[in-house]
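Colleague: This is the structure alone, sequence omitted:
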């Protein structure tokens with residue numbers, strides 16, 4: 001409702017000022033709708049979650065050339081881990097559930113599967129780690145969700161928490177064609 005009201009105000013102001021013709025206004029309106037549609041799709045392909053100070057951001061993308069070459073639907077995703085907490089933490093494992101467009105499990109990565117892309121990054125407070133990976137889904141769309149198993153390596157505030165593990169949630173994100 002706010003967006004509709006704002007759009008009306010802009011068009012009303014321009015009409016009163018005699019700046020634009022109706023055709024130009026319509027073109028701008030359709031361009032605005034196209035951009036909003038793209039933003040909505042981007043939001044569906046994204047996820048942001050925070051667990052115990054670890055912010056996990058994900059964005060997925062369809063890979064049409066790889067999909068055609070492999071005869072399936074290939075998606076890549078970029079994950080950014082940002083330690084916004086006060087403890088030094090280490091990624092020990094991961095888990096994934098990949099669903100097809102019908103909500104059926106297309107594949108899984110079991111909990112405690114070691115590291116990510118062959119690494120077990122350790123993040124001090126304020127540090128980030130980013131990686132890219134991918135998956136195949138037999139339908140044109142899908143969804144992923146999962147998590148990371150993290151271990152507290154050093155804690156200035158609570159030394160008793162050192163060695164404790166926790167699960168950092170990765171919120172669901174859509175796998176959508178481009």
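Modeller: Arrived safely. Quantities reported herein were computed from a predicted structural model and do not represent experimental measurements.

Colleague: Is residue 134 bridged to anything, and to what?
Modeller: residue 76 (DSSP bridges).

Colleague: quick one, what contacts it?
Modeller: Under the criterion of Cβ atoms under 8 Å, 6 or more residues apart in numbering, the neighbours of residue 134 are 63, 74, 75, 76, 77. In this view, the C-beta of every residue, glycine as well, is placed from N, C-alpha and C.

Colleague: What helix or strand is the spatially closest residue to residue 52 that is not a sequence neighbour located in?
Modeller: Among residues not flanking residue 52 along the chain, residue 166 sits closest, at 5.5 Å (Cβ to Cβ, 6 or more residues apart in numbering). Per DSSP states H and E: residue 166 is located in strand 165-175.

Colleague: Show me how far that strand is from its chain's centre.
Modeller: Offset of strand 165-175 from its chain centre (Cα atoms, centre = their mean, to the nearest Å): 10 Å.

Colleague: Averaged pLDDT, that strand. What do you get?
Modeller: In this model, strand 165-175 carries a mean pLDDT of 97.

Colleague: outside of it, which residues touch it?
Modeller: So strand 165-175 is contacted by 44-49, 51-52, 54, 56, 58-60, 62, 73, 75, 77, 79, 81, 92, 98, 135, 137, 141-152 (Cβ under 8 Å, 6+ apart).

Colleague: For that strand, buried residues please.
Modeller: For strand 165-175, the neighbour count (16 or more other Cβ atoms under 10 Å) marks 166, 168, 169, 170, 171, 173, 174, 175 as buried.

Colleague: Weed out the non-buried ones from the contacts of residue 134.
Modeller: Among these, those buried by neighbour count (16+ other Cβ under 10 Å) are 63, 74, 75, 77.

Colleague: Pull the contacting residues for the third one.
Modeller: The neighbours of residue 75, taking Cβ under 8 Å, 6+ apart as the test, are 60, 61, 62, 63, 134, 135, 136, 137, 142, 175.

Colleague: quick one: which of those is most hemmed in?
Modeller: In terms of neighbours by other Cβ atoms under 10 Å, these top out with residue 175 at 28 neighbours.

Colleague: if you skip the residues just before and after it, what's nearest to that one?
Modeller: residue 142 (4.0 Å).

Colleague: quick one: the one you found and residue 102 touch, right?
Modeller: No: counting by Cβ atoms under 8 Å, residue 102 is not a contact partner of residue 142; they are 9.3 Å apart.

Colleague: Select the longest helix from this structure.
Modeller: helix 22-44 (DSSP state H).
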